[in-house]
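K.L.:
Structure for this input, please:
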Amino acid sequence: MSFDLHPFLGIMGVAAAGDVRPHSVPPGPFGGNIDINLLGAGSTLYLPVQVPGALAYVGDPHLAQGDGEVALTAFEASLRVRLRLDVIPAADAVATFGELAGPLAETAEHLVPTGLDADLDVAVQNCVRAAVALLGVRYGMSPAHAYAYLSAATDFDISQVVDVVKGVHARIRKADFAR
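P.N.:
Residues are numbered from 1 along each chain as shown. From the prediction side, this is the model:
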């Protein structure tokens, strides 16, 4: 057996608002254990900052993971990473992405909205809603056109199903809008 390695960090987040310190394992609007295997070298993760200073954290390094991480762990090992953290002013972020309800990723090829919930069906619905909103803000698409595009040309993948809160992400091809 052999398979390609695609290293990434499974946990990336910022501190959640409120007095309760959440555990990093169940993901939420703040990020956490999102386990999106597209978040390797050169990718970008946008998270809505909820407290002053953001208080970013990372961990859970993987050398490889299939969509879904169905057996609780992936091919995990230590990684040395270089991260760049930027704060995007709120007005600029809203103009570019709309109101972020949760993590949004970007790779060279894809915009990657996410959906999270304890119920996988609701996580998918949340991801679709995030994708429709993103397409509206980014490309001026009406909701009807966005739904039609997503149904015809976008893949929705399960990020992970091992946590109480499940994760779904979409892969919207940026090249589809470069024409």
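K.L.:
Retrieve the pLDDT associated with the closest residue to residue 21 other than its chain neighbours.
P.N.:
Nearest non-adjacent residue to residue 21, counting by C-beta to C-beta, 6 or more residues apart in numbering: residue 15, 8.0 Å away. For the C-beta atoms, the positions are set from N, CA and C on the backbone; glycine is no exception. Note for residue 15: predicted pLDDT of 92.
K.L.:
Would you report the backbone torsion angles of residue 15?
P.N.:
Backbone torsions of residue 15, given as degrees, to the nearest 10, read phi -60, psi 140.
K.L.:
From residue 36, how far off is it?
P.N.:
Going from residue 15 to residue 36 by C-beta to C-beta, to the nearest Å gives 20 Å.
K.L.:
the more surrounded of those two?
P.N.:
residue 36 (27 against 18; other C-beta atoms under 10 Å).
K.L.:
hang on, the more buried one packs against residue 159?
P.N.:
Yes. The pair residue 36 / residue 159 is scored as a contact, 4.9 Å apart, by C-beta atoms under 8 Å.
K.L.:
Name the residues of the one helix or strand in the chain whose mean pLDDT sits lowest that are buried.
P.N.:
Lowest by mean pLDDT, DSSP states H and E among the helices and strands of the chain is helix 90-97, with a mean of 92. By neighbour count on 16 or more other C-beta atoms under 10 Å, the buried set for helix 90-97 is 93, 97.
K.L.:
any idea how far that helix is from the chain center?
P.N.:
Put simply, helix 90-97 sits 17 Å off its chain's centre (C-alpha atoms, centre = their mean, to the nearest Å).
K.L.:
List the buried residues of the helix or strand that it is followed by.
P.N.:
Later in the chain than helix 90-97, the nearest helix or strand by DSSP states H and E is strand 104-106. Buried residues in strand 104-106, counting neighbours by 16+ other C-beta under 10 Å, are found at 104-106.
K.L.:
Take those and write them to TSV, including pLDDT and distance to residue 77.
P.N.:
Shown next, in TSV, are those (pLDDT from 0 to 100; distance: C-beta to C-beta, whole Å):
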residue	pLDDT	distance to residue 77
104	98	27
105	98	22
106	98	26
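K.L.:
if we take the residues you listed, which one ends up nearest to residue 113?
P.N.:
residue 104 (5.5 Å; C-beta to C-beta).
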